[in-house]
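Visitor: From the sequence below, what's the structure:
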Amino acid sequence: MRKIKKNLASIIIVNYNNAQYLSKSINSVLRQGYKYKEIIVVDDNSNDHSIKILKKFEGKIKIIKNKKKTKTGSYNQINCYYLGFSKSKGKVIFFLDSDDYFSNRKISEVMNFFKKKKTSQILFDLPIIINKNKTVKKKFSQKYFLLSSWPRFSPQSCISIKRNYAKEIFKVVKIRKFNSIWFDFRIAIYSYLKFNKINILKKYLTYYRKSDTSASSKYQTFTKNWWIRRSEAHDYFTFISNKLKIKDRFTIDKIITKMMNLAIK
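Guide: Residues are numbered from 1 along each chain as shown. The predicted model follows:
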């Protein structure tokens, strides 16, 4: 049985063809002041020179290759994070996409939060958005609107989670359904429905890279693709509600989304 160190933080970095950003991502974790950490990088069959870069960090990181490649990016991402998690030992798990990176105090801040808030299972910090080499700290307001079915939350690399809760989440979200719904949304909605809130640490601790070529760029607000994915998001919301045996919520948002999908077919 694997012995889990009490204060160990496991940072799981998932990479696919991000050679140009990979070193910065890894180094941002290596330079953290927090001493008790392990770094696991899962490569999703990159065909650029990512592996060559990873070899330069041998001895400092654990390198894993994902052998269960699918044709769907969201499934590959989930599989990679699960693979890294299955090889980890930490009590707190940090997720990091390889084009993003951590601020110097990220791990210490998060570990201190969990030390003080012993009942908390998951935490979202705030992103510093990188867009065309400019960094922006956008104001964050987690308001609940009549037209929205779920509150705002931070992206993938801003999520930290306790180990036992991660086990619970992976059992539910690691399914080959809802192929346009990515890992961060799956985690956020499950946690929102389970705890009736999304726990936000209002500190900017993660640099999040926005790109015109990213997967999310295909879903510009109010475009056809956006409405289709939002409909699938509502279906996922219903799926998790049923899993948790919670009554599904019928909001104006859901009604409008379903009507728009009927109109664009």
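Visitor: neighbours of residue 160, just the number please.
Guide: Applying the criterion other C-beta atoms under 10 Å, we find 27 residues in the vicinity of residue 160. Using the backbone N, CA and C atoms, a C-beta is placed for each residue, glycine as well.
Visitor: Is residue 201 located within a helix, as I assumed?
Guide: No: residue assignment for residue 201, taken from DSSP: H, G, I helix; E, B strand; the rest coil, gives strand, which places it outside any helix.
Visitor: Look up how far residue 109 lies from it.
Guide: From residue 201 over to residue 109 the distance is 7 Å, taken as C-beta to C-beta, to the nearest Å.
Visitor: any idea which helix or strand carries the residue lying closest to residue 252 once chain neighbours are set aside?
Guide: Counting by C-beta to C-beta, 6 or more residues apart in numbering, the nearest residue to residue 252 once its immediate chain neighbours are dropped is residue 147, at 5.4 Å. Of the helices and strands defined by DSSP states H and E, none includes residue 147.
Visitor: likewise residue 192?
Guide: Residue 192 is located in helix 183-195, with elements delineated by DSSP H and E.
Visitor: overlap in contacts of residue 201 and residue 109?
Guide: Shared contacts of residue 201 and residue 109 (C-beta atoms under 8 Å, 6 or more residues apart in numbering): residue 125.
Visitor: excluding its backbone neighbours, what's nearest the spatially most central residue of the chain?
Guide: Nearest to the mean C-alpha position of the chain, by C-alpha atoms, centre = their mean, lies residue 156 at 2.3 Å. Across the structure, with C-beta to C-beta, 6+ apart as the measure, the residue nearest residue 156 apart from its sequence neighbours is residue 184 (4.1 Å).
Visitor: For residue 251, see how far away the one you found is.
Guide: Using C-beta to C-beta, residue 184 is found at 21 Å from residue 251.
Visitor: more crowded one of these two?
Guide: Higher neighbour count among residue 184 and residue 251: residue 184, with 19 against 16, using other C-beta under 10 Å.
Visitor: neighbours of residue 224, just the number please.
Guide: Neighbours around residue 224, by other C-beta under 10 Å: 12.
Visitor: Test my guess that it contacts residue 265.
Guide: No: in this structure, residue 224 sits apart from residue 265 without contact. The criterion is C-beta atoms under 8 Å, and the distance is 10.0 Å.
Visitor: for the chain, what spans make up the strands?
Guide: Taking DSSP state E to define them, one finds strands in the chain at 9-15, 37-43, 62-65, 92-97, 101-102, 122-131, 134-136, 159-162, 200-210.
Visitor: could you dump these to a markdown table with distance to residue 115?
Guide: Listed next are the strands of the chain as a markdown table, based on distance: least, C-beta to C-beta, whole Å:
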| stretch | distance to residue 115 |
| --- | --- |
| strand 9-15 | 12 |
| strand 37-43 | 15 |
| strand 62-65 | 25 |
| strand 92-97 | 10 |
| strand 101-102 | 18 |
| strand 122-131 | 12 |
| strand 134-136 | 29 |
| strand 159-162 | 12 |
| strand 200-210 | 13 |
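Visitor: Quick one: low-confidence residue ranges for this protein.
Guide: Filtered on pLDDT under 70, the chain yields the residue ranges 1-5, 143-146, 212-217.
Visitor: Regarding it, what is its longest helix?
Guide: The helix spanning the most residues in the chain, taking DSSP state H as the definition, is helix 224-243.
Visitor: Quick check: buried residues in it?
Guide: For helix 224-243, burial by neighbour count (16 or more other C-beta atoms under 10 Å) applies to 227, 228, 229, 230, 231, 232, 233, 234, 236, 237, 239, 240.
Visitor: Was I right to think residue 169 contacts residue 161?
Guide: Yes: under the criterion of C-beta under 8 Å, residue 169 makes contact with residue 161 at 7.2 Å.
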